[in-house]
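**Student:** Any chance you could fold what I've pasted below:
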Amino acid sequence: MNLFSKLSKTAKIMILSVVAVCFVLFPVGLLVINLFKPSGVFETLPETLPYALGLALGAFCSVVKIVLIENSLNRIVDLGEEEKDKAKLMGTAFYMGRSFFTIAVLAAGIIIPVVSIAGTVVGVLSLRIAAPLGHVIEMKLEKKAE
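**Tutor:** Reported below is the predicted structural model:
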């Protein structure tokens with residue numbers, strides 16, 4: 001838990017938003033699986049575990065990406081004005097690293113047979129849903145503090 005104590009308030013809100021979005025998307029995904037399943041409705045035990053594992057893997061990827069973004073921004077900002085070229089190069093390198101990490105997680109979702117690629121994609125994309133949600137939460141907390 002010490003790792004999360006060093007994160008900014010925004011990063012903590014984003015992580016909680018990703019977890020909340022995944023908790024909402026879990027039953028939605030199971031409902032979609034049942035709607036498009038050719039056999040009986042709500043016989044989901046064989047589909048539930050792979051989807052849940054994929055969603056957990058994708059959510060883990062999203063949380064790690066939040067931490068990586070926070071760390072990379074702090075390192076780039078610490079460089080200062082005099083090292084603009086190095087900051088641009090570092091920003092590009094960090095972005096490429098996060099992209100390769102996402103590709104590796106999606107590849108794991110494809111390769112590992114007990115993990116659903118659909119759940120993994122939903123988990124990875126949960127960051128895209130959680131970002132505006134986290135912003136709204138942060139703005140409401142700031143208004144409440146005033």
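**Student:** Past the lowest-mean-pLDDT helix or strand in the chain, which element shows up next along the chain?
**Tutor:** Across the helices and strands of the chain, mean confidence by mean pLDDT, DSSP states H and E is lowest for helix 2-5: a mean of 67. For helix 2-5, the succeeding helix or strand toward the C-terminus, using DSSP states H and E, is helix 9-35.
**Student:** Can you give me the buried ones in the next helix or strand after that next one?
**Tutor:** Later in the chain than helix 9-35, the nearest helix or strand by DSSP H and E is helix 45-79. When burial is assessed from 16 or more other CB atoms under 10 Å, helix 45-79 yields the following buried residues: 47-48, 50-63, 65-67, 69-70, 72, 76. C-betas here are computed from N, CA, C, even on glycine.
**Student:** now for helix 45-79, which elements pack on it?
**Tutor:** Helix 45-79 sits against helix 9-35, helix 84-111, helix 117-145, with contacts defined as 3 or more CB pairs under 8 Å, 6 or more residues apart in numbering; DSSP states H and E.
**Student:** Take these and lay them out in JSON lines including mean pLDDT.
**Tutor:** Compiled in JSON lines, the helices and strands packed on helix 45-79 are given as follows (pLDDT from 0 to 100):
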{"stretch": "helix 9-35", "mean pLDDT": "87"}
{"stretch": "helix 84-111", "mean pLDDT": "93"}
{"stretch": "helix 117-145", "mean pLDDT": "88"}
